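Engineer: Return a 3D structure for these sequence lines:
(one chain, ligands or ions: 3)
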Amino acid sequence: MKTFIKNGTVINPDTAFIQTTNVLIEDEKIMRIGDAQHEEAERVIDATGLLVVPGLVDIHVHFREPGFPQKETIQTGSLAAAAGGFSAVVCMPNTKPAIDTVETLTYVLQTGKRHGAVKVFSSAAMTYGIEGQILTDMESLRKAGAVTFTDDGRTVMDPGILYDCFCKAAELDVPISSHCEDHRFVTSGSFNRGKFSSLLGDPGIPALGEELIIARDILFAEETGARLHIQHVSTARGVQLIREAKARGVRVTAEAAPHHFSITDEQALLSGTMAKVNPPLRTEQDVEAVVQGLSEGTLDAIATDHAPHTIAEKSHPLERAPFGLVGLETAVGLTFTKLVHPGKLQLMDAISKLTINPANIMGLPAGRLEEGHAADIAIIDPNKEWIVEPDTFHSKSRNTPFSGMKLKGKAVLTMVNGNIVYDENSPSG
Ligand SMILES: NC(=O)N[C@@H](CC(=O)O)C(=O)O
Ligand SMILES: [Zn+2]
Ligand SMILES: [Zn+2]
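Structural biologist: Ligands and ions are numbered 1, 2, ... in the order given. This is a model prediction of the structure:
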């Protein structure tokens, strides 16, 4: 089957290519990028005024399988991904059981193949049960397809165990993805420790608790030569630590989540538990530093940390409600509204941080729009104005602080291996 995408602004960040042109797809591959007309193709998509970019890559999602299908399944999560323009995702291992054995990892990857609308990759846990005590069989998990090791949701606190983990990661040349939170220092708060946590009588989560672990893990990476990827960076000093580490040649990369570059801790007053996320929404200065980190390249990737929870759970009193918010279906809108349209991030950089950069960090065969490559493509309408309505999400969960927010920019079509997995303009879209 031939698909012809005509007259779009075609972007391939890997080669800094941007041109108004056409893309011809045959079966699962991109055959040709260029001016030639192929109006005879079975399917012709008019992309006039739209961006035609590599399928987006999210290296930080929680699809909750096995264990919590009431929050999300691999199938519903992948539908949310497709609706957000993503064609590839990396699942986090804080499931039940955790993704800490080859058996569970294989279950996730096979379920992704069978029921996933997009390409589902997976991390594996650093320690059994994400308990920070006993290292998993990293070698076997790597062979079985784990693209990174992480205890996301928690931090491995024991330096001896962590050291062994970094050494093994260096040997296997696989990145460690680090959720940075010093559990001895960060205790029972729900929001960023500061003015708003005080107002709400919440003990607060100190920025220092995140920064201590960022600093620690950078030293471990430097010492062992392992590749380190810092997840969901939320503080100004965290950005600064990564900037300095990169300058002295440490193999460190980092991601920012859309909520950390879009809204501040003041959101707690408006959204309550819907704004409860870990790391927490921080101050205006922190948000500015995250934006600066993205624009200067200290922060390499935008990753959603899509963390679905049920409404029932989010209705618990503040201290019992779980941390996390869904992000796949608002990521493009927030990136364009908060970064690209205000001129804080160049269009090419924004697309890089949603495609080739995260793909390269995790070594995924994704993130490129090139002849001969798989036809994983997102079509984005950068000027589409829309209002976030959680009831229309494809995700099983609706936990977002962005409900009712007006955004400009949206993925309107997503293709995986030449198949359309999301189409805004089709009835089933
Ligand atoms: N980000 C969150 O607030 N929650 C995540 C865990 C995590 O990413 O740390 C979750 O699994 O719900
Ligand atoms: Zn985390
Ligand atoms: Zn996470």
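Engineer: Might you enumerate the residues of the stretch 201-350 of the chain proximal to ligand 1?
Structural biologist: Contact residues (C-beta under 6 Å from any ligand atom) of the stretch 201-350 of the chain with ligand 1: 277-278, 305, 307, 322-324. For the C-beta atoms, the positions are set from N, CA and C on the backbone; glycine is no exception.
Engineer: repeat that for 5 Å
Structural biologist: Counting by C-beta under 5 Å from any ligand atom, the stretch 201-350 of the chain comes close to ligand 1 at 277-278, 305, 307, 323-324.
Engineer: Buried residues in stretch 213-226, which are they?
Structural biologist: 213-218, 220-222, 224, 226 (16 or more other C-beta atoms under 10 Å).
Engineer: can you pull the contacts of the spatially closest residue to residue 228 that is not a sequence neighbour?
Structural biologist: Nearest residue to residue 228 in three dimensions, chain neighbours excluded: residue 221, at 3.8 Å (C-beta to C-beta, 6 or more residues apart in numbering). By C-beta atoms under 8 Å, 6 or more residues apart in numbering, the contact set of residue 221 is 166, 176, 227-228, 245, 250-252.
Engineer: do that again at 10 Å, thanks
Structural biologist: 166, 169-170, 175-176, 178, 227-230, 245, 250-252 (C-beta atoms under 10 Å, 6 or more residues apart in numbering).
Engineer: So it belongs to a helix, correct?
Structural biologist: Yes: assigned with DSSP: H, G, I helix; E, B strand; the rest coil, residue 221 falls within a helix.
Engineer: How much space separates it from residue 147?
Structural biologist: 17 Å (C-beta to C-beta, to the nearest Å).
Engineer: repeat for residue 220
Structural biologist: Distance, residue 220 to residue 147, using C-beta to C-beta: 20 Å.
Engineer: Return the member of the contacts of residue 221 nearest to residue 313.
Structural biologist: residue 178 (25.7 Å; C-beta to C-beta).
Engineer: Distance-wise, check the spatially closest residue to that closest one that is not a sequence neighbour relative to residue 254.
Structural biologist: Distance criterion C-beta to C-beta, 6+ apart; nearest residue to residue 178, sequence neighbours excluded, is residue 217 at 4.9 Å. Taking C-beta to C-beta as the measure, residue 217 falls 11 Å from residue 254.
Engineer: Give the residues shared as contacts by these two.
Structural biologist: Both residue 217 and residue 254 are contacted by 178, 228-230, 241, 245, under the criterion C-beta under 10 Å, 6+ apart.
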